[in-house]
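In: no FASTA, just this:
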């Protein structure tokens, strides 16, 4: 398997260095589904770190590929907007002729807002992620992780994504929302449908129907908790805060629900899988972690850096500005490629190596920076630490037995399948 991966990587490197820079399409989904994105971004960081793609299915855009430039862009909230009114946080644009109200901040989540509305809405969800709240959640996560792991088969192949990563994160999402537990798998599926390219017509219709059904399930939950039934869950927090109560209309709060479904699922789910894959590919590091589980303190953020589950975030220029010696004009959009910034050797020593006891493991871009830094960062790290503590306590090793199947997405860098085996 490693020989095949090496050959694939060599072929990707040859293509990346043979392609003229003006023809680069950093966003190409096949780079992500085949895990061959790395040499394309390596070349951009070295030769054209602020790169202009003149034509793509998303229109023209700039790629920001170095760590320090990404930090600078994230910090410039006055001139670089994440607001849905200017296009939001992804490269793809709403269809022409669509409802203009969909681009209003009144109908979007706080990640697609600029100050001051962003801060007010973000504060509404923040109590769920305090030290006290996380302390209450940790034993719940641990007991559920233990139950999931105790049911895994020994000596036979199974899908790690389905049996461990999806199951654990869907259980935790249902807990955070106090969502019907028997329907928990609808939540990560919603995220996958939302972030993947459109499927064939019949499949797309099926997905749209299930997504609609998922969101409809939140309406009675909202109605029951608004102004009364407060249970310490995210819906109760949103439904009873003036900044996020939707003016009494649950349809107006759905965007924050969608954001929290995606954010609550994807970082942890794909980092759990990506961590196992990274350790399998670096057996020396896996052996060191098994010998000293205390290294999880640094191994967890290193796994998240290595995986970079959110590949990029978009911003739109509200004024002309200079980034890395290039002039970005008002109205142009940029993609801050976290996957590239997290492999930037000029800022992160030995960035192309997976090192579980890295000296500054949290100096990475995976959670963003500034006002948009991931609200659930500590919860994601805690879930990852707990599940790995429980795995290390049970299994001498979990072996990857085949190639992973990666999500058909260039926004979320993740997995839909990973075959593994626990030796008997």
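Out: Noted; the coordinates are in hand. In this text, all values refer to a predicted model and were calculated from it rather than measured experimentally.

In: hey, let's count contacts and neighbours off CA atoms from now on
Out: Will do.

In: Could you list every helix and strand in contact with the one helix or strand residue 10 maps to?
Out: Using DSSP states H and E, residue 10 falls within helix 2-18. Here helix 2-18 touches helix 38-47, going by 3 or more Cα pairs under 8 Å, 6 or more residues apart in numbering; DSSP states H and E.

In: For the helix it packs on, buried residues please.
Out: 38, 39, 40, 41, 42, 43, 44, 45 (16 or more other Cα atoms under 10 Å).

In: Retrieve the pLDDT associated with the fourth one.
Out: So that's residue 41. According to the prediction, residue 41 has pLDDT 98.

In: Report the contact partners of it.
Out: 26, 65, 340 (Cα atoms under 8 Å, 6 or more residues apart in numbering).

In: what comes up buried for the helix holding residue 10?
Out: Per 16+ other Cα under 10 Å, helix 2-18 contains these buried residues: 9, 12, 13, 16.

In: Considering the residues you listed, which is situated nearest to residue 185?
Out: Taking Cα to Cα as the measure, residue 185 lies nearest residue 9 of those, at 34.0 Å.

In: where does the stretch 101-250 of the chain dip in pLDDT?
Out: Within the stretch 101-250 of the chain, the ranges that satisfy pLDDT under 70 run 101-122, 197-199, 228-231, 243-250.

In: Show me what the helix or strand encompassing residue 301 is packed up against.
Out: Remark: residue 301 resides in helix 296-307, with elements defined by DSSP H and E. The elements that helix 296-307 packs onto, with contact taken as 3+ Cα pairs under 8 Å, 6+ apart, are helix 254-281, helix 377-394.

In: I'd like the mean pLDDT over that helix, please.
Out: The model assigns helix 296-307 a mean pLDDT of 98.

In: Show the subsequent helix or strand relative to the helix holding residue 10.
Out: Following helix 2-18 toward the C-terminus (DSSP H and E): helix 29-33.

In: any residues touching that next one, and which ones?
Out: Here helix 29-33 has contacts from 36, 37, 405, 406, 407, 408, 409, 410, 413, using Cα under 8 Å, 6+ apart.

In: Return the residues in contact with the third one.
Out: Contact criterion Cα under 8 Å, 6+ apart gives 33, 415, 416, 417, 418 as the residues in contact with residue 405.

In: State the number of residues packed around the nearest residue to the last one once chain neighbours are set aside.
Out: Spatial nearest neighbour of residue 418, chain neighbours left out: residue 404 (4.5 Å); criterion: Cα to Cα, 6 or more residues apart in numbering. For residue 404, the neighbour count with other Cα atoms under 10 Å is 23.

In: What segments of the stretch 301-424 of the chain are strands?
Out: 312-317, 321-323, 326-328, 333-337, 399-400, 405-406, 415-417, 419-421 (DSSP state E, counting those that start in this stretch).

In: can you list those strands in a markdown table and add distance to residue 294 and mean pLDDT?
Out: As requested, the strands of the stretch 301-424 of the chain are arranged in a markdown table below (distance: least, Cα to Cα, whole Å; pLDDT from 0 to 100):
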| stretch | distance to residue 294 | mean pLDDT |
| --- | --- | --- |
| strand 312-317 | 31 | 96 |
| strand 321-323 | 40 | 97 |
| strand 326-328 | 45 | 98 |
| strand 333-337 | 31 | 98 |
| strand 399-400 | 21 | 98 |
| strand 405-406 | 30 | 96 |
| strand 415-417 | 27 | 95 |
| strand 419-421 | 24 | 98 |
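
In: of all these, which lies closest to residue 137?
Out: Taking these one by one with Cα to Cα, strand 415-417 is closest: 25.6 Å.

In: tell me what that closest one is packed against?
Out: Looks like strand 415-417 contacts strand 405-406 (3+ Cα pairs under 8 Å, 6+ apart).

In: Can you give the distance from the strand it packs on to the centre of its chain?
Out: 15 Å (Cα atoms, centre = their mean, to the nearest Å).

In: Repeat that for stretch 355-374.
Out: Counting by Cα atoms, centre = their mean, stretch 355-374 comes out at 13 Å from the chain centroid.

In: One more: stretch 399-419?
Out: Worked out by Cα atoms, centre = their mean, stretch 399-419 lies 14 Å from the chain centre.

In: same thing with stretch 164-172?
Out: The answer for stretch 164-172 is 15 Å, by Cα atoms, centre = their mean.

In: per-residue pLDDT, the residue nearest to residue 418?
Out: 97.

In: going forward, begin numbering at 44 instead of 1
Out: All set: I'll call the first residue 44, so the last point we hit is now residue 447.

In: my guess is it meets residue 457, correct?
Out: No - if you go by Cα atoms under 8 Å, residue 447 and residue 457 don't touch, sitting 9.6 Å apart.

In: Please name the residues that touch residue 398.
Out: Counting by Cα under 8 Å, 6+ apart, residue 398 has contacts 328, 342, 345.
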